[in-house]
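Novice: below: sequence and its predicted model.
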Amino acid sequence: MRAFQLEDADVVYPYSVRFSGEEVEQIDGVVYADGLTCLVECKDQPGSVNIEPIAKMRNQLMRRHASTIGVVFSREGFTPPAIILARYVAPQMILLWDGNEFDYAFKKQQMRQSLIAKYRFCIEQSDPLFDIRPREELDLP
């Protein structure tokens, strides 16, 4: 959240949503930037993130305005089933960021620019897993 805030995005830090006094959701944060409204989920755990956070985000998005998108950060990346689910949650959109992308965007002070690039790629190619790093920085064969 702070990385986006450092680039002048409006952010809401972690909070709970309550109905009739009962907690129904825990939200890691919200980012408002460049016309986008993003619910954020952050996973800092060993190993790739499986489908559970993607399914949780999909359900959270279903309770919000259709223009809201989801962003899930994972230090260690995502399992193939998580990626498949993120590709097929339409009409919701969930963008996936791994730790390497976050490190790159944060160090270059390009969090907002990278968010827009990922969003546009997902709109155009229907793929939430666009890697924002330049090709020469990727470990490709």
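Specialist: Cool, the structure landed. Residues are numbered from 1 along each chain as shown.
Novice: tell me the spacing between G21 and Y15.
Specialist: Separation of G21 from Y15 (Cβ to Cβ, to the nearest Å): 15 Å. Heads up, the C-betas are built off the backbone N, CA and C, glycines and all.
Novice: I'd say P14 and G29 touch.
Specialist: Yes: here P14 reaches G29: they are 5.8 Å apart, a contact under Cβ atoms under 8 Å.
Novice: now for these two: what residues contact both?
Specialist: M1 (Cβ atoms under 8 Å, 6 or more residues apart in numbering).
Novice: more crowded one of those two?
Specialist: Legend: neighbour count by other Cβ atoms under 10 Å for P14 and G29, higher for G29 (19 against 12).
Novice: mind listing what that one touches?
Specialist: M1, V11, V12, Y13, P14, L39, V40, C42.
Novice: residues near the second one, how many?
Specialist: V11 sits with 17 neighbouring residues when counted by other Cβ under 10 Å.
Novice: just to revisit the earlier point, looking at the contacts of G29, which are in helices?
Specialist: If you go by DSSP state H, those have nothing in helices.
Novice: with just CA atoms, put the longest helix anywhere in the chain into CSV.
Specialist: When the chain is parsed with DSSP H, its longest helix is helix 111-125. Output of helix 111-125 as CSV, limited to C-alpha atoms (Å, rounded to 0.1, in the frame of the first residue of the first chain):
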residue,chain,number,x,y,z
MET,A,111,4.0,1.1,-9.3
ARG,A,112,1.3,3.2,-10.9
GLN,A,113,2.7,2.9,-14.4
SER,A,114,3.1,-0.9,-13.9
LEU,A,115,-0.5,-1.2,-12.6
ILE,A,116,-1.8,0.5,-15.8
ALA,A,117,0.4,-1.7,-18.0
LYS,A,118,-0.9,-4.9,-16.3
TYR,A,119,-4.5,-3.6,-16.6
ARG,A,120,-4.2,-2.7,-20.3
PHE,A,121,-2.5,-6.1,-21.1
CYS,A,122,-5.3,-7.9,-19.3
ILE,A,123,-8.0,-5.9,-21.2
GLU,A,124,-6.3,-6.6,-24.5
GLN,A,125,-5.0,-10.1,-24.1
